[in-house]
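>>> following is a predicted model, sequence given first.
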Amino acid sequence: MQPKFQLKTKLVLAISGMVLALVSVLSYVYVAQVLRQGMTEAYQDGDFIAHQVYLFASSALREPSQAAQLLPPVIDDPDRLIVESLQSDPGLKSLLQSVVGYSPTIYDVSIVDLHGVAVVHSDPDFQGKISKGRVDFLTVRYGGFWRQLGVVYGRPRVYDVHLPLERGGQPFGQIRVGVSTVFLKSELQTLLNRAFTLAAIAIPISFLLAASLSNLALRPLQAIGARLDRMTAGEMDEPAEATPEQQRTDEYGVVTTKIDRLGRQMRDVKEVFSALKENLDQIMANLEDGLMLFTRDMRVVLVSASAERFVGQPRGDILGHRIDEIFSKSSRLGQLVLHCIEYHEPMDQFEVETDSGRRIQVSLDFIEERGERIGALLTMRDTESVRRIEDEIELSRRLAAIGRLTSGVAHEVKNPINAIVLHLEVLREKLPTLEPDSSRHLDVISSEIKRLDRVVQTLVDFTRPVELRLMETDLRRTLEDVVLLAIPDASQHGVRIVRQIASEQLPVRVDSDLIKQALLNVVINGVQAMPEGGELKIVASRNADEVEIRIQDQGQGVPTEVRDKIFNLYFTTKKGGSGIGLAMTYRVMQLHNGSIDFESRNGNGTTFFLRLPVSGMAEIVPPNLATSARSAEGQG
């Protein structure tokens, strides 16, 4: 297991490592330059002396010295005269003595023949003897860094600078200048030791500076860490004004501001999550289907309240357990579910009879992400409930057909009614003088025909197909128009209308006339429910993806025995009511994919809840499926 270092330690090591690397590179460059310069200067000195010796030797080779000419001639040894000439040349002797005496890096100078014998040597004792060759100084001059460093800090050695010597175009010998490293060591070691000392001092200083800088740099992180700890513990309070940390303009101030913004977002997300969890719990509690959601390892993370009826265990005992701990292979349902889970076989509304004789529909869907299964969803549904819903759908279909038939019949009935009304008026004109009883009978006939005509007209209007005129609307304006229309009626009943409308926009895509009439019907109902006066409250707000309008009165409430009938067409409890206001409102909300429901307590008033999707999220009912409620005027 690798050791874990704190951020401070890592920062110290990083800064120290960078300083060490920088010092090492600079020291390497400096030492390499000093070594190369010293070796180059030493080689150039040796090479210069070699060329000086070459000049004197070349002159002696061309013109033998007078001392050599006094020697007895040797016919069989012509080189003897040249050797004696070189050895007796005064200028060459003087040069060799001065070079060795005054140049600290020159160890010796010699001229050797082709056999390696020293013809001339700065040390007379070696003259005429075989001179062993040394390592060429060029290998040091052009050698690498470590080779040159080894010359300075290694044992003293002597290297040769070579220069070939010719006579008459033929090789004669070689000039060798010995270069000693003793002086190089003493000269270069001082500079190099100074560089190494400075580097050694810089390294611990870098550690100290790194520690100080890390403390200074990481000090704000401690405060940030403390803020994060408080944030995760839920102790972050919204400051009344900007703190000194937030007023800073450096990076710490920016990070602090972002952390505070993140804290606010976390609080908002937490609130939204709590609200979603409450809504989800409420949905799961009211869901009739048994729903169970499993994770990758087949553990239950979500279960509806109805699942208890199918599994026979409380929700608390189901959550967190594996599927094989909930279902048993000894039961028919358990065998089916465990088999599908084991072989990863999805199941679509498979009907099975439980051990108790109850028939249920089971569906199993595997949840996948990028081709990998990450969970499963098990749905259990009561077959009897499914059939009941199918019966209700069939009933709705038949009622719709009846509605279409009714619409046609209403149109056919209205034509004879119009003819009867017309002939009744003609009869009145032809019988100007009637007996009181006859006139009364005619009045009754006229009144009943007109009432029948109104009923038929209402039926025609309610079932007539209509094309919704949808437009983007701020529902706040519509509510203001509704209030203005309701104020005269409210004033007559002594009702005060209180509005609590959100300050933010309430965007919806609706038919403004229909929605206005629907809202007005509910408001007028609330006003008429308070004959002794009172307060009618209208609250409008936005909740997630829907707009909610609450209309609350202080009347006597809706009787319990009629609460399931108030949205029925022609049902009314008011004297003189038509019974189509709330039915029309219910239909209008359906057309806009909205909803309407109510809460009522005897003696404590009624609250209606009308909800509409926020603009862009509604799927409006197609016009050919909509039925008109636009012309219905009455209140239920």
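Structure received. Here the structure is a predicted model, which is why all the values come from computation and not from measurement.

>>> which residue ranges form the strands in the stretch 451-600 of the chain?
In order along the chain, the stretch 451-600 of the chain carries the following strands (DSSP state E, counting those that start in this stretch): 471-474, 495-501, 507-510, 534-543, 546-552, 595-600.

>>> quick one: closest of those strands to V352.
strand 595-600 (34.6 Å; Cβ to Cβ). Where C-beta positions appear, they are placed from N, C-alpha and C, glycine not excepted.

>>> in the closest one, which residues are buried?
Across strand 595-600, burial judged by 16 or more other Cβ atoms under 10 Å covers 596, 598, 600.

>>> if you compare the directions of that strand and strand 546-552, what angle comes out?
30 degrees (axes from the mean of the first three to the mean of the last three Cα atoms, to 10 degrees).

>>> tell me the first helix or strand C-terminal of strand 595-600.
strand 606-613 (DSSP states H and E).

>>> what strands line up against that next one, and which way round?
Strands that pair with strand 606-613, judged by DSSP bridges, come out as strand 546-552 (antiparallel), strand 595-600 (antiparallel).

>>> tell me which element the residue nearest in space to the middle of the chain is part of?
Nearest residue to the geometric centre of the chain (Cα atoms, centre = their mean): L262, 13.1 Å. Following DSSP H and E, one finds L262 within helix 251-286.

>>> hang on, the earlier thing: for the closest residue to the residue nearest to the centre of the chain other than its chain neighbours, which residues are in contact?
Leaving aside its sequence neighbours, L262 sits nearest to M231 (Cβ to Cβ, 6 or more residues apart in numbering; 7.8 Å). With contacts taken as Cβ atoms under 8 Å, 6 or more residues apart in numbering, M231 has the following neighbours: 259, 262-263, 266.

>>> returning to what we had before: export the strands of the stretch 451-600 of the chain to CSV and tack on distance to E325 and mean pLDDT?
What follows is the strands of the stretch 451-600 of the chain, written out as CSV (distance: least, Cβ to Cβ, whole Å; pLDDT from 0 to 100):
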stretch, distance to E325, mean pLDDT
strand 471-474, 53, 91
strand 495-501, 51, 92
strand 507-510, 48, 91
strand 534-543, 39, 92
strand 546-552, 39, 93
strand 595-600, 40, 89
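
>>> pick the most buried one from those.
Burial of the strands of the stretch 451-600 of the chain is given as mean neighbour count (mean count of other Cβ atoms under 10 Å); strand 507-510 ranks first at a mean of 22.

>>> about what we covered before: top of the contacts of M231 by number of neighbours, please.
G263 (19 neighbours; other Cβ atoms under 10 Å).

>>> pull up the gap between that residue and K270, please.
10 Å (Cβ to Cβ, to the nearest Å).

>>> over to E372?
30 Å.

>>> the more surrounded of those two?
Using other Cβ under 10 Å as the criterion, E372 and K270 rank with K270 on top: 11 against 8.

>>> and G533, what pLDDT?
We have a pLDDT of 90 for G533.

>>> i'd like the first residue to be 266 from this point on
Sounds good: first residue 266 from here, last item G798.

>>> walk me through the domains of this protein.
272-464, 509-547, 556-647, 652-728, 736-890 (automatic domain parsing).

>>> would TSV of those domains with distance to N480 be doable?
Formatted as TSV, the domains of the chain follow (distance: least, Cβ to Cβ, whole Å):
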stretch	distance to N480
domain 272-464	7
domain 509-547	15
domain 556-647	45
domain 652-728	71
domain 736-890	49
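
>>> quick one: average pLDDT of stretch 627-643?
pLDDT averaged over stretch 627-643 gives 86.

>>> now the end-to-end length of that stretch.
7 Å (Cα to Cα, to the nearest Å).

>>> for it, the distance to its chain's centre please.
Centre-to-centre, stretch 627-643 and its host chain are 25 Å apart (Cα atoms, centre = their mean, to the nearest Å).

>>> where exactly do the helices run in the stretch 516-665 of the chain?
Assigned by DSSP state H, counting those that start in this stretch, the stretch 516-665 of the chain shows helices spanning 516-551, 572-576, 580-583, 588-591, 597-607, 648-695.

>>> and those, which is most packed in?
Taking mean count of other Cβ under 10 Å, helix 572-576 is the most buried of the helices of the stretch 516-665 of the chain, at a mean of 20.

>>> run through who's touching it.
Contact with helix 572-576 is made by 555-557, 579-580, 583, 591-592, 598, 619, 625, 645, as judged by Cβ under 8 Å, 6+ apart.

>>> dump those to TSV, plus distance to T837.
What follows is the contacts of helix 572-576, written out as TSV (distance: Cβ to Cβ, whole Å):
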residue	distance to T837
G555	41
L556	40
M557	46
P579	46
R580	44
I583	48
I591	52
F592	53
L598	49
T619	47
I625	42
M645	42
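
>>> give the helix, strand or coil label for the residue nearest to L527.
Per DSSP: H, G, I helix; E, B strand; the rest coil, the secondary structure class of M496 is helix.

>>> distance of it from V537?
17 Å.

>>> same question, V382
104 Å.

>>> just how off-centre is the helix or strand harbouring A467 within its chain?
Assigned by DSSP H and E, A467 falls within helix 446-497. Distance of helix 446-497 from its chain centroid, counting by Cα atoms, centre = their mean, is 38 Å.

>>> picking that back up, pLDDT on the helix holding L527, on average?
Confidence over helix 516-551 (mean pLDDT, whole number) is 75.

>>> show me what it is packed against.
helix 446-497, helix 509-512, strand 565-568 (3 or more Cβ pairs under 8 Å, 6 or more residues apart in numbering; DSSP states H and E).

>>> so which of these comes closest to T837?
strand 565-568 (44.3 Å).

>>> who touches the closest one?
545, 549, 556-560, 580, 583-588, 591.

>>> and stretch 802-813, by the same measure?
By Cβ under 8 Å, 6+ apart, stretch 802-813 touches 740-741, 744, 748, 762-767, 769, 771, 773, 788, 814-817, 874-879, 882.

>>> again with stretch 447-454
For stretch 447-454, using Cβ under 8 Å, 6+ apart, the contacting residues are 299-300, 303-304, 307, 369-370, 416-418, 421.

>>> next, the buried residues of it.
448-450, 452-453.

>>> other SSEs contacting the top helix by length along the chain?
Taking DSSP state H as the criterion, the chain has its longest helix at helix 272-327. Other helices and strands packing on helix 272-327, by 3+ Cβ pairs under 8 Å, 6+ apart, are helix 343-353, helix 355-367, strand 371-378, helix 403-406, helix 410-418, strand 423-432, strand 435-445, helix 446-497.

>>> let's have those in TSV, adding mean pLDDT and distance to L326.
Listed next are the helices and strands packed on helix 272-327 as TSV, based on pLDDT from 0 to 100; distance: least, Cβ to Cβ, whole Å:
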stretch	mean pLDDT	distance to L326
helix 343-353	71	6
helix 355-367	78	11
strand 371-378	87	10
helix 403-406	86	25
helix 410-418	83	34
strand 423-432	87	5
strand 435-445	87	7
helix 446-497	76	32
